[in-house]
Structures are given as structure tokens and as C-alpha cells.
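# here is a sequence with its predicted model. Questions after.
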Amino acid sequence: MKIFLDSDVLLDYLTAREPFLNEIKIIIDLGIKNEIELYTSSLIAANIHYFISKTENSKQARIKLDKLTSFIKILTVGENEILEAIKSKFKDFEDSVQNACATNSNIKIFVTRNIKDFKHSQLPIMTPIEFLIKIENE
């Protein structure tokens, strides 16, 4: 099962943000065990670097991105995703880019804590808790 992880949940993991850390740790452990396939986008990787370099420092940002690439595949954001995002009904352009990247890569579920901004997505959008409940019931 191919799962796309949004920046908010990845930052929860990489910066140990409570009270969100436990659920995303479980999801990432499933990915490490190859029970699910984890994906994110090149744009999210850049955004994560920016955020961590501002809240910590550039060296930590690179260390944490290196850790990230050990368990997640980074999808390329290209011209098609940008053109789709421009034409989409999403209010937030960045969310639209992420959605297009996930959709074009045959992702099955998009995991984020920012569900309200993905109402125009054709993908199932779930919080980490909702995703864990879903796979527990399968």
C-alpha cells in the first residue's frame, strides 16, 4: 500500500512534536518494516529543510532529511504537477501540488493532519489516527 505523508506529520516525527508523535512513529515503523510504502514529495523535503533550519539549524535540517530518506521515497514535483495545481480548486497552492504529486504517483492514501484543505482531492485523506484505525480493521 502506497502512503503519502504530508509535511505536518513528517515534522511531527522529525521534531518529536507532541501530542502527535506516537501515531506517526507507528506509521513510519510500518514503512521501515516494509508493511507499507511511504512517500512524500521533493517540495515537502525542501519545506522540511527550511522549517528545521529556522527552528534548529541547517546542519540539523540536513541530518534529519538524511534520516527521512532512509525510510521514505521522495517523489519529484514536475511540470505536470504544477500545471494541475494551477487548474485545481484547492485554495492552498502547495496542498494542491502535493495532491497532484500523490495522485500522479498512484498513491492510495494521503496522510495529513490538515484534512480540511484537501476536500477537493480524489484520494482518501486521513489523519494518522484514522489511517491506523483503517489498517487495524483490515
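Yep, that arrived. Numbers count the residues shown, from 1 in each chain.
# quick one: low-confidence ranges for this structure?
In the prediction, the chain carries no residues with pLDDT under 70.
# next up, the contacts around Ile32.
Going by C-beta atoms under 8 Å, 6 or more residues apart in numbering, Ile32 touches Phe71. Glycine gets a C-beta too; all of them are placed from N, C-alpha and C.
# now it: how far from Ser42?
21 Å (C-beta to C-beta, to the nearest Å).
# where along this protein do the strands fall?
2-5, 37-41, 73-75, 109-111, 125-126 (DSSP state E).
# out of the ones you listed, the one nearest Lys89 is which?
When the strands of the chain are ranked by proximity to Lys89, the top entry is strand 125-126, at 14.4 Å, counting by C-beta to C-beta.
# need the longest helix for this protein.
Longest helix in the chain by number of residues (criterion: DSSP state H): helix 42-55.
# quick check: buried residues in stretch 129-138?
131-132 (16 or more other C-beta atoms under 10 Å).
# export only the CA atoms of that stretch, formatted as CSV.
The C-alpha coordinates for stretch 129-138 follow below in CSV (Å, rounded to 0.1, in the frame of the first residue of the first chain):
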residue,chain,number,x,y,z
ILE,A,129,-5.0,8.1,13.8
GLU,A,130,-7.7,7.5,11.1
PHE,A,131,-5.1,5.6,9.0
LEU,A,132,-4.0,3.4,11.9
ILE,A,133,-7.7,2.6,12.6
LYS,A,134,-8.2,1.7,9.0
ILE,A,135,-5.3,-0.7,8.7
GLU,A,136,-6.2,-2.2,12.1
ASN,A,137,-9.7,-3.0,10.8
GLU,A,138,-8.4,-4.6,7.6
